[in-house]
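In: my questions are about this predicted structure, shown below with the sequence.
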2 protein chains.
Amino acid sequence: MRMAELSAESGVPVATVKYYLREGLLPPGARTSPNQARYSAAHVQRLRLIKALTEVGGLTLASVGAVLRAIDEHETPHQTMGVVQQELAGPAPKVSDEAAGWATGLLQDLARRHGWQWHEPGTGEPGNNEVANLVAALATAKELGHERLAERLDEYVRLALRVAEVDVEVVVGLTSVDKIIEVGLIATVLGDRIFAGLRHLAQEQLSRELLGGPPA
Amino acid sequence: MRMAELSAESGVPVATVKYYLREGLLPPGARTSPNQARYSAAHVQRLRLIKALTEVGGLTLASVGAVLRAIDEHETPHQTMGVVQQELAGPAPKVSDEAAGWATGLLQDLARRHGWQWHEPGTGEPGNNEVANLVAALATAKELGHERLAERLDEYVRLALRVAEVDVEVVVGLTSVDKIIEVGLIATVLGDRIFAGLRHLAQEQLSRELLGGPPA
DNA sequence: CCGTTATGGGAAGTTAAACTATCCATGCTG
DNA sequence: CAGCATGGATAGTTTAACTTCCCATAACGG
């Protein structure tokens, strides 16, 4: 298939497809002459994936590039998912040292009690965006005067673990490594959105009952 | 307090504070002369809130404006939280009608079984971003060939309900309406990030056990 | 009292991301 | 073989979120 069809199949404008090719997000098509190329169904799928990651997952194109590169380089599923989480989290905002220390303490306590561990930044290393963002969110709550929120952290952890167990069930049973990575990626990126949406709907139901819905 | 101090207290540059004033995100200070103003601790708190909503919550300034306006206009907590969720979700990406129909069916089935209801858009109305985003996320999974994910939807719903119960517990017991709204806002915006972070950490622990951590 | 510094306010400039438009030489197609 | 499509490159556009600059007025320090 050629440009026009690729564009039509994927719903991405021709100019944008060219842009993605330039940026290396989409691999070049197979040459049929020094000046022409053919694209495959894999190109369509990749364009759909890019759309999903940016529009639904909210990733920047730079992050999408990092994720796609990790997939293509055939790291282990564990490593690839690490990149996905790293990019999904993005750089953490800066918070005051004091609040950050408090939040870090909370997390370390949590990790100790649950036997969790994660890649901690050796001096000067890039660090773990995921953890940094979590610290930043907790620290921000404290800076706003809402340490209260953290009191329930243990319950959130228990539930997060249950959710993660379901996430993993979706993946186990798959044999192909590629499939595991792809499903893991989708489950993580879309899963976050879906769960957040469900949580909000659930909140609305409970709040309707407790706070009283508007009569109008 | 004047500009310089407000800026120092909040950690927001003077030029940016002026920008927020122009945009109406920050109420003007109390005039002390036709040409001078004094700012209060409330201004500092609001700047911190804006920072939290943009940096941690990922809201655009336009969305922050909508949320702040809803708070200031003293709608009921239920209505205000509706605005917060609306803005937090943002506009939903477009998906194919077919996938959207499938996803909508899933959700309606869910709503029926759990007795949930939500504000459905009357013809021509703005609609419910939250639901639209959820539909888009589910539809995208289908378009990518991962309907599988939706099979577990019921379990996610059960867990989301449990999470929402904890969310609500954080708020009940508060007497002041303002407090309820503020805590609800923080809990929703930061809560999403915190829970997503915990979920990712939990996923990493489980994936380490199942897929095997890297030997290096 | 007066020179220096800070302030409120607005207009214009900047930066980065993500496209979008325009060209052009070549290739395919009816 | 006339004309539209394509690959490839360069330049332009749009939007968000600032940042810079400027100026008339205020405040402050000696």
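Out: Right, received. Where do you want to start?
In: can you give me the strands in chain A?
Out: Here chain A has its strands, by DSSP state E, at A:30-33, A:36-38.
In: which neighbouring elements make contact with the last one?
Out: It refers to strand A:36-38. For strand A:36-38, the packing partners by 3 or more CB pairs under 8 Å, 6 or more residues apart in numbering or on different chains; DSSP states H and E come out as strand A:30-33. To be clear about C-beta, it is placed using only N, CA and C from the backbone, and glycine gets the same treatment.
In: among the strands of chain A, which is the most enclosed?
Out: Burial of the strands of chain A is given as mean neighbour count (mean count of other CB atoms under 10 Å in any protein chain shown); strand A:36-38 ranks first at a mean of 13.
In: give me the contacts around that strand.
Out: Outside of strand A:36-38, the residues that reach it under the criterion CB atoms under 8 Å, 6 or more residues apart in numbering or on different chains are A:Met1, A:Arg2, A:Pro28, A:Gly29, A:Ala30, A:Arg31, A:Thr32.
In: out of these, the closest to chain B would be?
Out: Among the contacts of strand A:36-38, A:Met1 lies closest to chain B (CB to the nearest CB), at 18.1 Å.
In: ok, the closest residue to that closest one other than its chain neighbours to DNA strand C distance?
Out: Once flanking residues are discounted, A:Met1 sits nearest to A:Tyr39: 5.2 Å by CB to CB, 6 or more residues apart in numbering or on different chains. Look at A:Tyr39 and DNA strand C: by CB to the nearest atom of the strand, to the nearest Å, they are 14 Å apart.
In: ok, now which ones touch A:Tyr39?
Out: A:Met1, A:Arg2, A:Met3, A:Glu5, A:Leu6, A:Gly29, A:Ala30.
In: check those residues and tell me the two furthest apart.
Out: Taking CB to CB, the two most distant members of the contacts of A:Tyr39 are A:Glu5 and A:Ala30; they sit 14.4 Å apart.
In: if we can go back for a sec, would you turn the contacts of strand A:36-38 into a markdown table with pLDDT and distance to B:Ser176?
Out: Compiled in a markdown table, the contacts of strand A:36-38 are given as follows (pLDDT from 0 to 100; distance: CB to CB, whole Å):
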| residue | pLDDT | distance to B:Ser176 |
| --- | --- | --- |
| A:Met1 | 94 | 62 |
| A:Arg2 | 95 | 64 |
| A:Pro28 | 96 | 61 |
| A:Gly29 | 96 | 62 |
| A:Ala30 | 96 | 66 |
| A:Arg31 | 95 | 69 |
| A:Thr32 | 94 | 70 |
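In: re the thing from before, looking at the contacts of A:Tyr39, which has the most residues close by?
Out: When neighbours are counted by other CB atoms under 10 Å in any protein chain shown, A:Leu6 leads those with 22 neighbours.
In: one step back: what is the nearest of the contacts of A:Tyr39 to A:Ile186?
Out: The nearest member of these to A:Ile186, counting by CB to CB, is A:Leu6 at 21.5 Å.
In: burial count for the residue lying closest to A:Gly197 once chain neighbours are set aside?
Out: Distances taken as CB to CB, 6+ apart put B:Leu134 closest to A:Gly197, at 3.6 Å, once the chain neighbours are dropped. Taking other CB under 10 Å as the criterion, the count of residues near B:Leu134 is 26.
In: look up how far DNA strand D lies from B:Leu134.
Out: From B:Leu134 to DNA strand D the distance is 23 Å (CB to the nearest atom of the strand).
In: which ones are touching that residue?
Out: A:Arg193, A:Ile194, A:Gly197, A:Leu198, A:Leu201, B:Ala103, B:Leu107 are the contacts of B:Leu134 under CB under 8 Å, 6+ apart.
In: redo those residues as JSON lines? Include distance to A:Glu130, neighbour count and pLDDT.
Out: Putting the contacts of B:Leu134 into JSON lines (distance: CB to CB, whole Å; neighbours: other CB atoms under 10 Å in any protein chain shown; pLDDT from 0 to 100) gives the following:
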{"residue": "A:Arg193", "distance to A:Glu130": "17", "neighbour count": "21", "pLDDT": "95"}
{"residue": "A:Ile194", "distance to A:Glu130": "19", "neighbour count": "25", "pLDDT": "96"}
{"residue": "A:Gly197", "distance to A:Glu130": "21", "neighbour count": "25", "pLDDT": "96"}
{"residue": "A:Leu198", "distance to A:Glu130": "21", "neighbour count": "24", "pLDDT": "96"}
{"residue": "A:Leu201", "distance to A:Glu130": "26", "neighbour count": "26", "pLDDT": "94"}
{"residue": "B:Ala103", "distance to A:Glu130": "28", "neighbour count": "23", "pLDDT": "96"}
{"residue": "B:Leu107", "distance to A:Glu130": "29", "neighbour count": "20", "pLDDT": "95"}
